[in-house]
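Participant: Give me coordinates for this.
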Amino acid sequence: MITQTLTTRIERPAEEVTAWLARPTAGMRAMPPWAVDAEHLHVFSTAIKSLDAASCSLTEEIHIPQVLEIPASTIERYLACRHAIIRDDVEHAAAYGTVRRLRIAIAGASGMIGRALIPFLQTQNHEIISLARDPATGAFSPEYLAKTLCSADAVINLAGASIAAKWNQPQRDLIWESRASTTRALVSALGKMKHRPFAFLNASATGYYGTRGDELLNENSPRGAGFLADVCAGWEHEVSAAAEWGTRVTCLRFGMVLSPAGGALATMLPYFEKKLGGKLGHGRQWMSWISIDDAIAAIYHALLTHTCSGPVNITAPNPVTNARFADTLTRALGKKSIPCVPRWLVRLRHGIDFANEMLLASTRAEPAKLQAGGFAFRHPTLEAALEQLL
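Facilitator: Down below sits the predicted model:
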């Protein structure tokens, strides 16, 4: 039997840490994203020692059957990542002061971001309402949603078909309609309610800016060109109507959200693990990225910050070129990369439009509104993000 212990100082009172750990989804939330064998890792002893009125120490002991032959370094890293999540969640929440328990309705809860967001919000002591389709019609109907939303304090809409597919016309129609129809139904539902949510957070993307070379882009930058820019602009237009009902509207322009559980990073990992990953084309195109933990924390910031309205770039403060991204990911995995994947091959495999707007596009977005609002990034650099994620 292997036993290992870690103690971490948390700059919050012991009762706050105790309350966080006591919530039902705390175990799920504190699970390191890379811990695929987490069912074998069991924290069986937790001690919290109060140091002073504003801080405490968290000590946890982990118990591993020796037959599993898990390296000591892996166990150490597991505990370190777990404690980083607990510490950051508790300390960052303190920036918003005392927050009453909110009822938060989420559309698209089963997606990558939704799956991470829900346990995060629940460990902050909020109640989640997962919005579902009307069983009678199989669609998001305003009447059905109005009944579900009648007691909601806020709405977060993350629903939309995946864009990671070749963009033939049926797929383009699906990408647009899956976003527009849900958003329209939610906005229409608000009009049928007497007591409306105070905030409506709607997903969008940095694809709004199109491909812009080395230009540094903030929320005031004009719309770009292309299919993704059209989808994002139309999506934001659909949700803007919610402001007519007195609800604060925020458009979350997500960059590439990094998580091994899904999305672009999960797609890349098998190629880089097999030493088949490398920069795409010349590699000078800019990538606006953000870690999954910073993405969900930024959503929470946008929810609780009442001056946070309109478009908000959900990106890390340090975008990187594609070549830098490929090199950093390669080193994080301890692998070697191929020199590059030719542009013609990227276009041949994924289709010209998808390749040009998703894989070869250059979008250098900065999180100007998040920074102006005092948001503290956990992983401001790509190296720090990948260390936690992988």
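Participant: so how far is Gln388 from Trp34?
Facilitator: Distance of Trp34 to Gln388, computed by C-beta to C-beta, to the nearest Å: 8 Å. For the C-beta atoms, the positions are set from N, CA and C on the backbone; glycine is no exception.
Participant: Between the two, which has more neighbouring residues?
Facilitator: Neighbours were counted for Trp34 and for Gln388 using other C-beta atoms under 10 Å; Gln388 has more, 22 against 18.
Participant: what sits in contact with each of Trp34 and Gln388?
Facilitator: Cys81 (C-beta atoms under 8 Å, 6 or more residues apart in numbering).
Participant: got a list of contacts for stretch 263-277?
Facilitator: For stretch 263-277, the surrounding residues in contact (C-beta under 8 Å, 6+ apart) are 112, 164, 256-260, 326, 329-330, 333, 335-338, 389.
Participant: Just the buried ones among those residues, please.
Facilitator: Buried by 16 or more other C-beta atoms under 10 Å: Met112, Met256, Val257, Leu258, Ser259, Pro260, Ala326, Leu329, Thr330, Leu333, Ser337, Leu389, out of these.
Participant: Leaving out the residues flanking it, which one is nearest to the fourth one?
Facilitator: For Leu258, ignoring the flanking residues on the chain, the nearest one in space by C-beta to C-beta, 6 or more residues apart in numbering is Leu265 at 4.6 Å.
Participant: before we move on, the earlier item: out of the buried ones among the contacts of stretch 263-277, what pair is the most spread apart?
Facilitator: Across the buried ones among the contacts of stretch 263-277, the longest distance by C-beta to C-beta is 24.7 Å; it joins Met112 and Ser337.
Participant: hang on, the earlier thing: among the buried ones among the contacts of stretch 263-277, which has the minimum pLDDT value?
Facilitator: Ranked by pLDDT, these bottom out at Ser337, which has 76.
Participant: distance of that one from Ala136?
Facilitator: Ser337 sits 52 Å away from Ala136, going by C-beta to C-beta.
Participant: The stretch 251-390 of the chain: helices as residue ranges?
Facilitator: Along the stretch 251-390 of the chain, the segments classed as helices by DSSP state H, counting those that start in this stretch run 263-273, 292-304, 322-333, 343-350, 352-354, 368-372, 382-389.
Participant: which one of these lies closest to Ser57?
Facilitator: Per C-beta to C-beta, nearest to Ser57 of those: helix 382-389, 21.4 Å.
Participant: Which strands or helices does that closest one pack on?
Facilitator: strand 256-258, strand 289-291, helix 292-304, helix 322-333 (3 or more C-beta pairs under 8 Å, 6 or more residues apart in numbering; DSSP states H and E).
Participant: I figured Ile314 was touching Cys251, is that so?
Facilitator: No: contact between Ile314 and Cys251 fails when scored by C-beta atoms under 8 Å: they sit 9.9 Å apart.
Participant: ok, those two, which is more surrounded?
Facilitator: Ile314 (29 against 25).
Participant: For Glu15, find the nearest of the helices of the stretch 251-390 of the chain.
Facilitator: Evaluated with C-beta to C-beta, the helices of the stretch 251-390 of the chain place helix 292-304 nearest to Glu15, the distance being 20.9 Å.
Participant: Apart from its chain neighbours, what residue comes closest to Ile292?
Facilitator: Ser259 (3.9 Å).
Participant: Show me what the one you found is bridged to.
Facilitator: Ser259 has the following beta-bridge partners by DSSP bridges: Gly262.
Participant: what's the distance between it and Met268?
Facilitator: 12 Å.
Participant: Likewise for Ala72?
Facilitator: 29 Å.
Participant: So for those two, which residue has more residues nearby?
Facilitator: Just comparing Ala72 and Met268: by other C-beta under 10 Å the higher neighbour count belongs to Met268, 16 against 10.
Participant: Alpha carbons only: can I get stretch 165-179 in PDB?
Facilitator: The C-alpha trace of stretch 165-179 is given here as PDB (Å, rounded to 0.1, in the frame of the first residue of the first chain):
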ATOM      1  CA  ALA A 165     -16.800  18.700 -39.600                       C
ATOM      2  CA  LYS A 166     -16.500  19.400 -43.300                       C
ATOM      3  CA  TRP A 167     -18.700  22.300 -44.100                       C
ATOM      4  CA  ASN A 168     -20.900  21.000 -46.800                       C
ATOM      5  CA  GLN A 169     -24.200  22.900 -47.100                       C
ATOM      6  CA  PRO A 170     -26.300  20.600 -44.800                       C
ATOM      7  CA  GLN A 171     -23.600  20.900 -42.200                       C
ATOM      8  CA  ARG A 172     -23.500  24.700 -42.500                       C
ATOM      9  CA  ASP A 173     -27.200  24.800 -42.100                       C
ATOM     10  CA  LEU A 174     -27.000  22.600 -39.000                       C
ATOM     11  CA  ILE A 175     -24.300  24.700 -37.500                       C
ATOM     12  CA  TRP A 176     -26.400  27.900 -37.900                       C
ATOM     13  CA  GLU A 177     -29.800  26.600 -37.200                       C
ATOM     14  CA  SER A 178     -28.800  24.700 -34.000                       C
ATOM     15  CA  ARG A 179     -27.500  28.000 -32.600                       C
END
